[in-house]
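[1] Structure of the sequence below:
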Amino acid sequence: MSAEIQALKPVLPYLAQGDDGTPYLIGSRCDACGQTHLGRFENCPRCAARGKLTEIHLSDSGVLYNYTIVYRSLPGVTVPFISAVVDLDGGGTVKGNLLDVDPSPEAIRFGMPVRIVFREADTAVAGGEGYVSHFFVPAN
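    Down below sits the predicted model:
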C-alpha cells in the first residue's frame with residue numbers, strides 16, 4: 001500500500017485503516033444466523049439478535065452482482081461511471097464504482113470476479129482530495 005493512501009482519511013464510516021495504515025472495509029458477522037453485513041452493528045439486521053455480532057475485516061474480493069452505467073450525476077462527479085453491487089467472498093454485499101472497465105454493457109458481465117482497491121476519493125468526485133475510498137477493478 002502506498003504511503004500516499006495511508007496518509008488519507010477514510011471517507012466512509014465502514015472504511016478503516018489497520019495499524020500499518022492499510023485500508024479495509026469493516027463488517028459485522030452474526031453469531032446467531034451467520035449473516036455478514038457491511039459496517040458495525042449491535043443488532044443483526046437479518047435476525048434481530050442482540051449482542052451476537054462480531055466485527056470483521058471484509059474480503060477484498062468478490063463477484064459483480066449488479067450494476068448500472070450512470071450518465072448524469074451531481075456536479076463534480078465524472079460521468080459516465082459504473083455503479084456496481086458486489087457480493088464479497090466470505091459474505092457481505094458492497095456498493096461502489098467499478099473502474100478500469102469500459103462503461104458499456106458489452107464490457108461488463110454479471111458474476112465477473114472483482115477485487116477492492118483503495119484510492120483517493122477524487123477518483124470519483126471533485127473535492128475528494130485528502131480522503132480514501134474503495135473501488136472495484138476486474139480481478140484478472
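
[2] What's the biggest strand in this protein, counting residues?
    Among the segments of the chain that qualify as a strand by DSSP state E, the longest is strand 61-70.

[3] Now do the helix or strand that it is followed by: everything it contacts.
    Counting by DSSP states H and E, the next helix or strand C-terminal to strand 61-70 is strand 81-88. Residues outside strand 81-88 that contact it (C-beta atoms under 8 Å, 6 or more residues apart in numbering): 36, 58-59, 61-70, 73, 93-99, 101, 103, 108, 114, 124, 136. For every residue, glycine as well, the C-beta is placed using N, CA and C.

[4] Under the pLDDT cut-off, which ranges of the protein? List them.
    By pLDDT under 70, the low-scoring segments of the chain are 1-6.

[5] repeat that for 90
    Where the chain drops to pLDDT under 90, the residues are 1-12, 17-22, 76-78, 120-132, 140.

[6] which stretches of it form strands?
    9-10, 15-17, 23-30, 36-38, 53-57, 61-70, 81-88, 93-98, 113-120, 131-138.

[7] From the contact counts, what lies against the fifth one?
    In this structure, strand 53-57 packs against strand 23-30, with contacts taken as 3 or more C-beta pairs under 8 Å, 6 or more residues apart in numbering; DSSP states H and E.

[8] re the thing from before, and the buried ones among the contacts of strand 81-88, selectable in ChimeraX?
    A single ChimeraX command selects the buried members of these (16 or more other C-beta atoms under 10 Å):
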select :36,58,59,62,64,67,69,94,96,97,98,99,101,108,114,124,136
